[in-house]
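*Asks:* Give me a 3D structure for the following:
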Amino acid sequence: MAWLLVIVAGLLEVGFAVGLKLSHGFTRLWPTVAFCAFALGSFGLLTLALKRLDVGPAYAVWTGIGAAGTALYGMIFLGDLVSALKIVSITLVIVGVVGLQLSGGVR
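*Replies:* Predicted coordinates for the structure are as follows:
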C-alpha cells in the first residue's frame, strides 16, 4: 500500500510540474490552483508513504516518476523536442525507478 501511495504521489508530481509551467509564473489563476492542489496531494501522499518506507528509495521513485512522466507529457502534449536520446534516457530512469522500488524495504 505504501508503494501505491508513492506511485500516485509521483503521478501528482507530473500534474504540479505541468501546472507550474502553464501558470506562467503564477499569473494564470486555474493553472496556479491546479499546481497548488497537485503539489499538496503529491507531498501529502509521499509524507504518508514515508511512515512505512525508507526515504532513499521512496524519494527516488517519486522523483523518477515525476521526471519521466513530466518529460513524456511535455513531448506528447506540449510540443517538447523528441529525440532518441531523450527516449533512451527516460527508459533508463524508469528502469532505475523499478530497481529502486524492488530494493526498498517496507517497515
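*Asks:* so where's this protein uncertain?
*Replies:* Scanning the chain for pLDDT under 70 picks out 104-107.
*Asks:* before we move on, which element is the residue nearest in space to the middle of it in?
*Replies:* Centroid check for the chain by CA atoms, centre = their mean gives residue 66 as the closest residue, at 1.8 Å. In the assignment (DSSP states H and E), residue 66 maps to helix 55-77.
*Asks:* Identify the residues contacting the residue nearest to the centre of the chain.
*Replies:* Residues near residue 66 by CB atoms under 8 Å, 6 or more residues apart in numbering: 10, 13, 14, 17, 42. Quick note: C-beta positions are derived from backbone N, CA and C, even for glycine.
*Asks:* those helices in the protein, which residues are they?
*Replies:* Applying DSSP state H to the chain gives helices spanning 2-22, 29-49, 55-77, 84-103.
*Asks:* Check the offset of the longest one from the chain's centre.
*Replies:* Same thing as helix 55-77. Counting by CA atoms, centre = their mean, to the nearest Å, helix 55-77 is centred 4 Å from the centre of its parent chain.
*Asks:* buried sites along that helix?
*Replies:* 57-62, 64-75 (16 or more other CB atoms under 10 Å).
*Asks:* now, which of the contacts of residue 66 sits nearest residue 100?
*Replies:* For those, the minimum distance to residue 100 (CB to CB) is 11.8 Å, reached by residue 10.
*Asks:* Isn't the closest one up against residue 62?
*Replies:* Yes: assessed by CB atoms under 8 Å, residue 10 is found in contact with residue 62 at 4.9 Å.
*Asks:* which neighbours do the two share?
*Replies:* residue 42.
*Asks:* check contacts around residue 65.
*Replies:* Counted by CB under 8 Å, 6+ apart, residue 65 has contacts 6, 7, 10, 11, 13, 14, 97.
*Asks:* picking up where we left off before, return the distance of the residue nearest to the centre of the chain relative to residue 29.
*Replies:* 24 Å (CB to CB, to the nearest Å).
*Asks:* Which member of the contacts of residue 65 is positioned nearest residue 46?
*Replies:* residue 6 (6.5 Å).
*Asks:* how many neighbours does that closest one have?
*Replies:* Using other CB atoms under 10 Å, residue 6 has 26 other residues around it.
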